[in-house]
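Peer 1: Take a look and give me a structure for this.
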Amino acid sequence: THESGTRLAFDTELEPVENATLLQGFLEDSNVDAISEIARMIEVQRAYEMGQTFLDREDERIRSTISTLTR
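Peer 2: As a prediction, this is how the structure comes out:
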């Protein structure tokens, strides 16, 4: 739930982690496969562009039809 602006407050309790270690000078591993996510973003971008191209062509077709019928 939102609490004071954009800060979020969670209703669940914190769960303690057993045997946790913190090492100085090390980077945390990511839980995201960057390559597959970039490939997925490219796929979504291409699908969006195809949809946009379709809508642009459909809009032009409708405008042309209206222009022809109103002459």
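
Peer 1: ok so Val17 is a strand residue?
Peer 2: No - counting by DSSP: H, G, I helix; E, B strand; the rest coil, Val17 is not part of a strand but coil.

Peer 1: What is the burial count for it?
Peer 2: Residues contacting Val17 under the criterion other Cβ atoms under 10 Å number 7. For the C-beta atoms, the positions are set from N, CA and C on the backbone; glycine is no exception.

Peer 1: So, low pLDDT: which residues of the protein?
Peer 2: Scanning the chain for pLDDT under 70 picks out 1-5.

Peer 1: ok, which stretches of it are helices?
Peer 2: Per DSSP state H, the chain carries helices over the ranges 34-69.

Peer 1: Spatially central residue for it, please.
Peer 2: Met41 (7.9 Å; Cα atoms, centre = their mean).

Peer 1: who's in contact with that one?
Peer 2: Under the criterion of Cβ atoms under 8 Å, 6 or more residues apart in numbering, Met41 has no contact partners.

Peer 1: What's the separation between it and Ala47?
Peer 2: As judged by Cβ to Cβ, to the nearest Å, Met41 and Ala47 stand 11 Å apart.

Peer 1: do Ser30 as well
Peer 2: For Ser30, the distance to Ala47 (Cβ to Cβ) stands at 26 Å.

Peer 1: between those two, who's got more neighbours?
Peer 2: Higher neighbour count among Ser30 and Ala47: Ala47, with 10 against 7, using other Cβ under 10 Å.

Peer 1: And the more buried one, how far from Arg40?
Peer 2: 11 Å.

Peer 1: got it, and Asp59?
Peer 2: 29 Å.

Peer 1: One more: Glu18?
Peer 2: 34 Å.

Peer 1: Which one's more surrounded, those two?
Peer 2: Neighbours per residue, other Cβ under 10 Å: of Glu18 and Arg40, the larger number sits with Arg40, 11 against 5.

Peer 1: how close does Glu37 get to Glu13?
Peer 2: Taking Cβ to Cβ, one finds Glu37 at 31 Å from Glu13.

Peer 1: Comparing those two, which shows the higher neighbour count?
Peer 2: More neighbours surround Glu37 than the other of Glu37 and Glu13, with 10 against 6 (other Cβ under 10 Å).
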